[in-house]
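3D, please:
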Amino acid sequence: MHIYGTKNRQTSVIATDFLRKNDRMASLLPAAMRMARLQSDCAAILPILAGNTDVISFQDGALVLAVPSSAVAARMKQMAPKLQAALLERGWQVESVKLKVQVARAMPAKPEMRTLELPPTAVQAFEELAESLDDSKQNKELVAALRRLAEKRR
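Okay, the predicted model is just below:
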């Protein structure tokens, strides 16, 4: 069973093993499995939104879903009645569906670093600038930085 919040099956297995081994945490296992089943049912009912929504909680008939943007939330609001009806058919006593926009969920774990692309003429200009500066104590670090920049961008 895939547990909510984990990216792959191996992580799910590690998490369930941990919960089983720890007496205090073992009481969380049924709740985690229940949330996993609910997440799976939601994904099966609305496969188009499966990667964009996560079950946050389900208490007292209120299903709370996390969505990455207001655009997904708007689309999800239109599909909420269908989701609620389908979940009722599957035995989930869903009385309401609430959405929470969580922008951080939409962002990648580590942002991609952009590299500066310089045309050859710019690289040559930095090299020429480094050569034209006086060889003084004040300019030493600047000249070294300009040379490193030109070397990296070659």
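
Name the SS class of Ser57, please.
At Ser57 the chain is in strand, as set by DSSP: H, G, I helix; E, B strand; the rest coil.

Same check on Asp134?
coil.

Ranking helices and strands of this structure by mean pLDDT, which lands last?
The weakest-scoring helix or strand in the chain, judged by mean pLDDT, DSSP states H and E, is helix 103-106 (a mean of 64).

next one: the helix or strand where Ala31 lies to chain centre, how far?
Applying DSSP states H and E as the criterion places Ala31 in helix 29-45. Put simply, helix 29-45 sits 19 Å off its chain's centre (CA atoms, centre = their mean, to the nearest Å).

Give the other helices and strands that it contacts.
When contacts are defined as 3 or more CB pairs under 8 Å, 6 or more residues apart in numbering; DSSP states H and E, helix 29-45 packs onto helix 9-21, strand 54-59, helix 70-89. For every residue, glycine as well, the C-beta is placed using N, CA and C.

Just give me the neighbour total for Asp23.
Neighbourhood size, Asp23 [other CB atoms under 10 Å]: 7.

ugh, wrong one, Lys21
Residues lying near Lys21 (other CB under 10 Å) number 9.

quick one: the helix holding Ala31 to strand 54-59, angle?
120 degrees (axes from the mean of the first three to the mean of the last three CA atoms, to 10 degrees).

Now the phi/psi pair for Ser96, please.
Main-chain torsions, Ser96, degrees, to the nearest 10: phi -150, psi 150.

in the protein, which ranges drop under the pLDDT threshold?
1-13, 15-16, 19, 104-111, 113, 116 (pLDDT under 70).

I'd like the domain boundaries of it, if you could list them.
Following automatic domain parsing, one finds the domains of the chain at 9-106, 120-153.
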